[in-house]
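K.L.:
quick one, what's the 3D model for this:
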Amino acid sequence: MDQRVQQKAKTQGIEDTMSGGSAVARAVMRMVEGAERLNLRHSAIGNPPVYPTDTFPWAREVEAEWRLIRAELDRILVRREELPAFHEISSEVRSISSDRNWKTFFLCGYGIKSEEAIRQCPETWRILQKIPGLKSAMFSIFEPGKHLPPHRGPYNGVLRFHLGLIVPPEPEKIAIRVENELCHWEEGKALIFDDAYEHEAWNHSDQVRVVLFVDFEKPLTFPANLTNKAILNLAMFTPFIREGYKAHKSWEKMFYGAGRMHR
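P.N.:
Numbering: from 1, shown residues only. Down below sits the predicted model:
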């Protein structure tokens with residue numbers, strides 16, 4: 001476990017959010033590494049790379065309403081070419097993606113909401129409220145040929161939820177590997193995994209693939225549940241989140257000003 005924590009601490013996520021070399025940055029890194037070790041010891045649901053969907057009863061409730069989410073997505077995709085590349089909004093992903101083949105439509109993230117996006121997707125937003133500890137939510141769009149190389153998330157206090165929305169029926173060409181498990185998205189089905197494990201994803205088909213992409217708090221027991229909430233609440237004050245917010249607001253002005261979307 002300790003080796004896993006040390007490996008992840010060297011990845012792009014946390015380090016990129018801190019100003020290099022300062023005493024404050026080093027103290028924060030030590031605090032986060034300690035929290036990660038605590039999270040592993042106090043998980044209420046174990047620490048597998050991929051979780052059975054029924055571990056989270058709310059996931060079936062979200063699946064049951066997936067067509068409402070898909071309908072709102074379809075309206076957004078009318079302007080697909082205008083959506084931002086993920087790295088244009090999130091500097092954290094620039095080390096793994098720098099082209100326009102991974103696009104996003106952001107709803108919320110670590111205390112920040114897109115009121116415009118929520119207005120466009122009211123049913124999606126209502127359904128997202130079923131997820132305890134929701135931290136971020138967006139549509140994740142893989143254009144044909146997109147391949148994300150192996151990488152790890154910056155912190156193990158959250159889990160990732162994918163809901164398949166547009167998934168071409170070509171599992172031999174479209175998949176995600178989490179640690180040693182090869183998984184396939186399905187339309188209307190949830191996939192829940194720990195992105196702190198190494199993972200990579202690809203769409204080698206000639207069609208677009210879209211999932212609802214959510215991070216939520218990992219269920220933990222005392223005292224890790226308290227320290228984890230504190231760490232996650234601090235995230236919104238990091239340069240990474242602040243810069244992403246500014247970049248997204250700039251994109252919104254251009255997108256909604258150029259031609260407002262209608263329900």
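K.L.:
and residue 58, what does it touch?
P.N.:
130-132 (C-beta atoms under 8 Å, 6 or more residues apart in numbering). C-betas here are computed from N, CA, C, even on glycine.
K.L.:
pLDDT score assigned to it?
P.N.:
With respect to pLDDT, residue 58 has a value of 98.
K.L.:
just the contacts of residue 58 now: which is nearest residue 97?
P.N.:
The closest of the contacts of residue 58 to residue 97 turns out to be residue 131 (C-beta to C-beta; 25.0 Å).
K.L.:
Throw the contacts of residue 58 into TSV and include distance to residue 206 and pLDDT, thanks.
P.N.:
Shown next, in TSV, are those (distance: C-beta to C-beta, whole Å; pLDDT from 0 to 100):
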residue	distance to residue 206	pLDDT
130	34	98
131	33	98
132	38	98
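K.L.:
just these now: which is nearest residue 151?
P.N.:
Nearest to residue 151 among those is residue 131, at 23.6 Å by C-beta to C-beta.
K.L.:
around that closest one, how many other residues sit close by?
P.N.:
By other C-beta atoms under 10 Å, 19 other residues sit near residue 131.
K.L.:
tell me the secondary structure for residue 240?
P.N.:
Put simply, residue 240 is helix when judged by DSSP: H, G, I helix; E, B strand; the rest coil.
K.L.:
looks like it contacts residue 93 (just checking).
P.N.:
No - under the criterion of C-beta atoms under 8 Å, residue 240 is not in contact with residue 93, lying 10.3 Å apart.
K.L.:
quick check, nearest of the contacts of residue 58 to residue 102?
P.N.:
Checking those against residue 102 by C-beta to C-beta gives residue 131 as the nearest, at 22.7 Å.
K.L.:
what's the nearest residue to that closest one if we skip its chain neighbours?
P.N.:
Of all residues not flanking residue 131 in the chain, residue 216 sits nearest, at 5.3 Å (C-beta to C-beta, 6 or more residues apart in numbering).
K.L.:
tell me the confidence at the one you found?
P.N.:
Note on residue 216: pLDDT of 98.
K.L.:
for it, give the beta-bridge partners.
P.N.:
Here residue 216 sits in beta bridges with residue 134, residue 159, as judged by DSSP bridges.
K.L.:
tell me how many other residues surround it.
P.N.:
Counted by other C-beta under 10 Å, the residues lying close to residue 216 total 20.
K.L.:
now do residue 172
P.N.:
8.
K.L.:
report whether it is found in a strand, as I expect.
P.N.:
No - counting by three-state DSSP, residue 172 is located in no strand; its state is coil.
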